[in-house]
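Colleague: coords below, sequence missing:
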């Protein structure tokens, strides 16, 4: 660090005076001290966390984007099949007006599932025949059949489930975990996102994994399929790593000097991001290569596993990332917005996710990782028990968005295995017991990570913010 001299010290701030009188090694030490708390946020997390011993050390979130139908997957409702195409009783609406595009319908014909349901495992969990592999893992799963949301449209609903607010700008749940707990591996980000490479019915933007008002190094690093999983990570042709290192060292000196003078958190964030990118140049190539996986392991994940960008491949990568110390890995699998053509579309999507999801649970269990890895399987909302419009030829149908009752599930990481929490009415329209709001969901997963949600705050613009906003209750019955 360069030593600065001023003719009028009285014009300097206290921070500037200290930084400029601490030349050489002393100046560098001061800059380190000034950024110590921010550096802890970047990799090691907050000193006060966890609040208590965690049950889960890491999270893998499997997000089914588009609104997966609970009535065709996990929430068996024979009443809908028995009275198919009969009008849904007006009493079910209980005076409420239909939401979304449903308000344009003249009638609301009940729609049973086109798929067969059976009970599985010692727990007797009901599951659709479109999920035969996952059904074998039924006794590892904790179903949440009473989930509800405040939003009925895709964008606010998916932002809500990811950040606890319907409007963009708040930190995502993975960013909160990165900020609070940091990464277990200093050579890898604490938060990584993988999106299935396929045509999406609903666009997925980076604001879903943004850091919001938290320091920017806590936003997710999205990994892409192909030879360059992270954009601009590789050095340009002709630039050796040694020269890149020298450039970063000089840049760090300049920015540490700026940090000492101005004390802005974003300066420290930039330094951390530069250094992380440099370390990732050596850590990422081995992480995203599945060539060293045993053939029997890859076979377990299904035929798509060797296709980069497939959900199956991303599931293997999620396990490898978790194994390597990444705190929060989030997989997005789009394609669940079935307003029509549900029989074909749902069958196709479940074929893509069934075997890999089951393999991921089995793989984690075989490696003794499931006990401290929390796997979350969620969608932004569910679908209606009535068809959207008339049933088509061949029994094809669609379902509208439904926020008042849907199903998600958890596995591992301190939740009860082979357990079902909550229930809906005979029509699958309303939750009759065990309601879990989005805020409750967040409060519970934070608890499993050793964090008391109402104590985990970040001051911003005169207010203390938290992931659970001003709500959220711990769902105690599901805790092991």
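Modeller: Arrived safely. All figures in this text were calculated on a predicted structure; none of them were measured in a lab.
Colleague: first to last residue in stretch 162-178, what's the distance?
Modeller: One end of stretch 162-178 sits 14 Å from the other (C-alpha to C-alpha, to the nearest Å).
Colleague: quick check: mean pLDDT across that stretch?
Modeller: Averaged across stretch 162-178, pLDDT comes to 97.
Colleague: what's the first helix or strand after the host helix or strand of residue 155?
Modeller: Per DSSP states H and E, residue 155 falls inside helix 154-163. Going down the chain from helix 154-163, the next helix or strand is helix 173-181, by DSSP H and E.
Colleague: lowest-confidence helix or strand of the chain?
Modeller: None of the helices or strands of the chain scores lower by mean pLDDT, DSSP states H and E than helix 24-34, at a mean of 35.
Colleague: doesn't residue 145 fall inside a strand?
Modeller: Yes. Assignment of residue 145 by DSSP: H, G, I helix; E, B strand; the rest coil places it within a strand.
Colleague: before we move on, the earlier item: what's the angle from the helix holding residue 155 to helix 173-181?
Modeller: With axes from the mean of the first three to the mean of the last three C-alpha atoms, to 10 degrees as the basis, helix 154-163 and helix 173-181 are set at 20 degrees to each other.
Colleague: show me the shaky parts of the stretch 101-250 of the chain.
Modeller: Along the stretch 101-250 of the chain, segments meeting pLDDT under 70 span 232, 235, 239, 241, 243-245, 247-248.
Colleague: for it, what spans make up the strands?
Modeller: For the stretch 101-250 of the chain, the strands defined by DSSP state E, counting those that start in this stretch cover 117-120, 125-128, 141-147, 191-195, 221-223.
Colleague: pipe the ones you listed into a markdown table and attach mean neighbour count and distance to residue 395 per row.
Modeller: Placement of C-beta: from N, CA and C, glycine included. What follows is these, written out as a markdown table (neighbours: other C-beta atoms under 10 Å; distance: least, C-beta to C-beta, whole Å):
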| stretch | mean neighbour count | distance to residue 395 |
| --- | --- | --- |
| strand 117-120 | 16 | 16 |
| strand 125-128 | 23 | 16 |
| strand 141-147 | 27 | 26 |
| strand 191-195 | 26 | 32 |
| strand 221-223 | 21 | 39 |
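Colleague: can you redo these as JSON lines with distance to residue 402?
Modeller: Listed next are those as JSON lines, based on distance: least, C-beta to C-beta, whole Å:
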{"stretch": "strand 117-120", "distance to residue 402": "19"}
{"stretch": "strand 125-128", "distance to residue 402": "17"}
{"stretch": "strand 141-147", "distance to residue 402": "11"}
{"stretch": "strand 191-195", "distance to residue 402": "25"}
{"stretch": "strand 221-223", "distance to residue 402": "29"}
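Colleague: can you give me the strands in the stretch 301-450 of the chain?
Modeller: With DSSP E, counting those that start in this stretch as the criterion, the stretch 301-450 of the chain has strands at 328-334, 373-378, 382-387, 399-402, 406-411, 419-421, 423-424, 431-433.
Colleague: who wins for proximity to residue 107 among these?
Modeller: strand 382-387 (8.4 Å; C-beta to C-beta).
Colleague: so what does that closest one touch, helix or strand wise?
Modeller: strand 399-402, strand 406-411 (3 or more C-beta pairs under 8 Å, 6 or more residues apart in numbering; DSSP states H and E).
Colleague: what's in contact with stretch 101-113?
Modeller: Contacts of stretch 101-113 with the rest of the structure, by C-beta atoms under 8 Å, 6 or more residues apart in numbering, involve 71-72, 76-88, 97-98, 128, 339, 384-391, 397, 399-400, 427.
Colleague: ok, now with 6 Å
Modeller: 71-72, 80-81, 83-88, 386-387, 397, 400 (C-beta atoms under 6 Å, 6 or more residues apart in numbering).
Colleague: which PyMOL command selects the buried ones in these?
Modeller: Filtering the contacts of stretch 101-113 down to the buried ones (16 or more other C-beta atoms under 10 Å) takes a single PyMOL command:
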select buried, resi 71+72+80+83+84+88+386+387+397+400
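Colleague: need the max-distance pair from the contacts of stretch 101-113.
Modeller: It's 72 and 87 that sit farthest apart of the contacts of stretch 101-113, by C-beta to C-beta, at 20.6 Å.
Colleague: what's the burial count for the closest residue to residue 444 other than its chain neighbours?
Modeller: Excluding the flanking residues, the one nearest residue 444 by C-beta to C-beta, 6 or more residues apart in numbering is residue 475, at 4.5 Å. Using other C-beta atoms under 10 Å, residue 475 has 24 other residues around it.
Colleague: give me the pLDDT for residue 475.
Modeller: 98.
Colleague: list the residues that contact it.
Modeller: 436, 440, 444 are the contacts of residue 475 under C-beta under 6 Å, 6+ apart.
Colleague: tell me which of the residues you listed fall in helices.
Modeller: Mapping those onto helices (DSSP state H) picks out 440, 444.
Colleague: out of the contacts of residue 475, who has the most neighbours?
Modeller: That'd be residue 444 among the contacts of residue 475, by other C-beta under 10 Å, with 25 neighbours.
Colleague: any figure for the gap between that residue and residue 377?
Modeller: 14 Å (C-beta to C-beta, to the nearest Å).
Colleague: same check on residue 448?
Modeller: Distance, residue 448 to residue 377, by C-beta to C-beta: 15 Å.
Colleague: ok, and the closest non-adjacent residue to residue 418?
Modeller: Leaving out its chain neighbours, the residue that sits closest to residue 418 by C-beta to C-beta, 6+ apart is residue 123, at 3.4 Å.
Colleague: how many residues are close by that neighbour?
Modeller: Neighbour count for residue 123, taken as other C-beta under 10 Å: 18.
Colleague: and it, how far from residue 165?
Modeller: Between residue 123 and residue 165 the computed distance is 35 Å (C-beta to C-beta).
Colleague: and for residue 96?
Modeller: From residue 96 to residue 165 the distance is 24 Å (C-beta to C-beta).
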